[in-house]
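Asker: From the sequence below, what's the structure:
(one chain, ligands or ions: 2)
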Amino acid sequence: MAKARILSGMQPTGQLHLGNYEGALRNWVRLQEEYESYYCIVDWHALTTLCETPEQIQHNTRQVAIDYISAGLDPNKCAIFIQSAVKEHAELHLLLSMITPVPWLERVPTYKEKMENLQIESASYGLLGYPVLQAADILVYKANAVPVGKDQLPHLELTREICRRFNYFYGKIFPEPEAKLTEYPVMPGLDGRKMSKSYDNAIYLSDTAETTTQKIRTMFTDPLKIYKKDPGHPETCPVFALHNIYNKGETEELSVVCKAGELGCVDCKKKLTAAMNEALAPIRERRVQLEENPKELDDILTAGADKARAVASATMAEVRCAMKLG
Ligand code: TRP
Ligand code: SF4
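Answerer: Ligands and ions are numbered 1, 2, ... in the order given. You can find the predicted model right below:
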């Protein structure tokens, strides 16, 4: 039996942080074993807000690709590619835009949020159509499932609605893709808030062991634990939350000695740093290799786009035939 297909993508926001890794990438790495997998970097989507220069988008796109591969996406097991290298996404986006009612798009929460957060007075056609492009990304591979975070559920629901509408008008071409949510622990940032690039509290996959050590040293702990002898509250301490992710084996004991006033935060952080640096070492090594070897990255992305295009162009042939085009 053929494997089910999945597609997912990220915007080229620059280097990915540990929250992106634990919340998405790690899951993608696992899924590539079970599914026929397509993973892209959606550089066209980055143009919808005009926040970055073309050079920045190009640079960030490559950085995200390096993170994908370093984190364990294997070009022999999945297709890793840049959205704009597969023009079929754009053709399908155009055709889907014909059957997508504007009010559906105006209702999408991320659209309103972007308008407010970025103080956009009049949205571009492309910003409004962001979810239509996302639907095209997914449907052009006839993906059965889409591994995404909760924040993407409204986009995925819209994809399903567009899918049904297309199938209703032109015949059943697309399977209805399902969201594939995974539960994962929230990654705390250095200040205890959720790790996020915009809070400036992130540890990046590209950070060196030294930078990581330095960052952990500044990390917030339990404010009630000033001296080693003070009883701490690991359940609310962000350092402890990271132990829970990177140092599972030791957490029970650490919790006991923290509460008993037998462990100081400095030592606790040293243990964490050691565990994190060990866990992240293979990713960092691979990252450095790829940074030094742009040709290798180019080859992987070209092969990924070729593999993706083969599927996307077959879908588009069917779509054109169903719509009596070209
Ligand atoms: N909108 C997604 C995000 O911001 C990125 C994205 C674009 C995507 N196309 C996609 C995610 C297709 C999954 C599938 O994270
Ligand atoms: Fe947090 Fe560790 Fe300090 Fe306890 S000892 S408060 S777990 S940093």
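Asker: going forward, measure contacts and count neighbours with C-alpha atoms only.
Answerer: OK.
Asker: Contacts for stretch 135-146, please.
Answerer: 4-8, 83, 88-90, 92-93, 96, 155-156, 158-159, 162-163, 174-180, 308, 311-312, 315-316 (C-alpha atoms under 8 Å, 6 or more residues apart in numbering).
Asker: scratch that, stretch 275-286 is what I was asking about
Answerer: Outside stretch 275-286, the residues touching it (C-alpha under 8 Å, 6+ apart) are 70-72, 205-209, 212, 246-247.
Asker: Which members of the residues you listed occur in helices, if any?
Answerer: 70-71, 209, 212, 246 (DSSP state H).
Asker: Now pLDDT and distance to Tyr227 too, for those, in CSV please.
Answerer: Shown next, in CSV, are the ones in helices among the contacts of stretch 275-286 (pLDDT from 0 to 100; distance: C-alpha to C-alpha, whole Å):
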residue, pLDDT, distance to Tyr227
Ser70, 98, 39
Ala71, 97, 38
Ala209, 97, 27
Thr212, 98, 24
Tyr246, 96, 25
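Asker: now, among those residues, which is nearest to ligand 1?
Answerer: Nearest to ligand 1, judged by C-alpha to the nearest ligand atom, of those is Ala71 at 17.5 Å.
Asker: thinking the closest one is in contact with Arg26, fair?
Answerer: Yes. Contact criterion C-alpha atoms under 8 Å: Ala71 and Arg26 qualify, at 7.3 Å.
Asker: Give me the more crowded residue out of the two.
Answerer: Neighbour count, other C-alpha atoms under 10 Å: between Ala71 and Arg26, Ala71 has more, with 21 against 16.
Asker: any idea how far the more buried one lies from ligand 2?
Answerer: 27 Å (C-alpha to the nearest ligand atom, to the nearest Å).
Asker: Please tell me how far the nearest residue to that residue once chain neighbours are set aside sits from Tyr204.
Answerer: Spatial nearest neighbour of Ala71, chain neighbours left out: Ile283 (5.6 Å); criterion: C-alpha to C-alpha, 6 or more residues apart in numbering. Distance, Ile283 to Tyr204, using C-alpha to C-alpha, to the nearest Å: 11 Å.
Asker: do the same with Pro223
Answerer: From Pro223 to Tyr204 the distance is 25 Å (C-alpha to C-alpha).
Asker: Please list all residues in contact with Glu291.
Answerer: Here Glu291 is in contact with Ile66 (criterion: C-alpha under 8 Å, 6+ apart).
Asker: Please, which helix or strand holds it?
Answerer: helix 265-292 (DSSP states H and E).
Asker: For that helix, give the mean pLDDT please.
Answerer: Helix 265-292 comes out with an average pLDDT of 97.
Asker: Is it positioned near ligand 2?
Answerer: Yes. Interface with ligand 2: helix 265-292 contributes 265, 268 (C-alpha under 6 Å from any ligand atom).
Asker: Return the set of buried residues in the lowest-mean-pLDDT helix or strand in the chain.
Answerer: Across the helices and strands of the chain, the lowest-confidence element by mean pLDDT, DSSP states H and E is helix 109-117, at a mean of 90. Using 16 or more other C-alpha atoms under 10 Å as the test for burial, helix 109-117 gives 110-111, 115.
Asker: Closest to ligand 1 out of those?
Answerer: Thr110 (9.2 Å).
Asker: picking that back up, is there proximity between the following helix or strand past the least confident helix or strand of the chain and ligand 1?
Answerer: Moving toward the C-terminus from helix 109-117, the next helix or strand (DSSP H and E) is helix 125-128. No. With C-alpha under 6 Å from any ligand atom as the criterion, ligand 1 is not reached by helix 125-128; the gap is at least 11.4 Å.
Asker: Next secondary structure element downstream of helix 125-128?
Answerer: Counting by DSSP H and E, what follows helix 125-128 is helix 130-139.
Asker: With just CA atoms, put that next one into PDB.
Answerer: What follows is helix 130-139, C-alpha atoms only, in PDB (Å, rounded to 0.1, in the frame of the first residue of the first chain):
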ATOM      1  CA  TYR A 130      -2.200  34.000   2.400                       C
ATOM      2  CA  PRO A 131      -4.300  31.000   3.400                       C
ATOM      3  CA  VAL A 132      -5.200  30.300  -0.300                       C
ATOM      4  CA  LEU A 133      -1.500  30.000  -1.000                       C
ATOM      5  CA  GLN A 134      -1.200  27.700   2.000                       C
ATOM      6  CA  ALA A 135      -4.100  25.600   0.700                       C
ATOM      7  CA  ALA A 136      -2.300  25.400  -2.700                       C
ATOM      8  CA  ASP A 137       1.000  24.300  -0.900                       C
ATOM      9  CA  ILE A 138      -0.900  21.400   0.700                       C
ATOM     10  CA  LEU A 139      -3.400  20.400  -2.000                       C
END
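Asker: And ligand 1, is it touching that?
Answerer: Yes. Residues of helix 130-139 contacting ligand 1 under C-alpha under 6 Å from any ligand atom: 134, 137-138.
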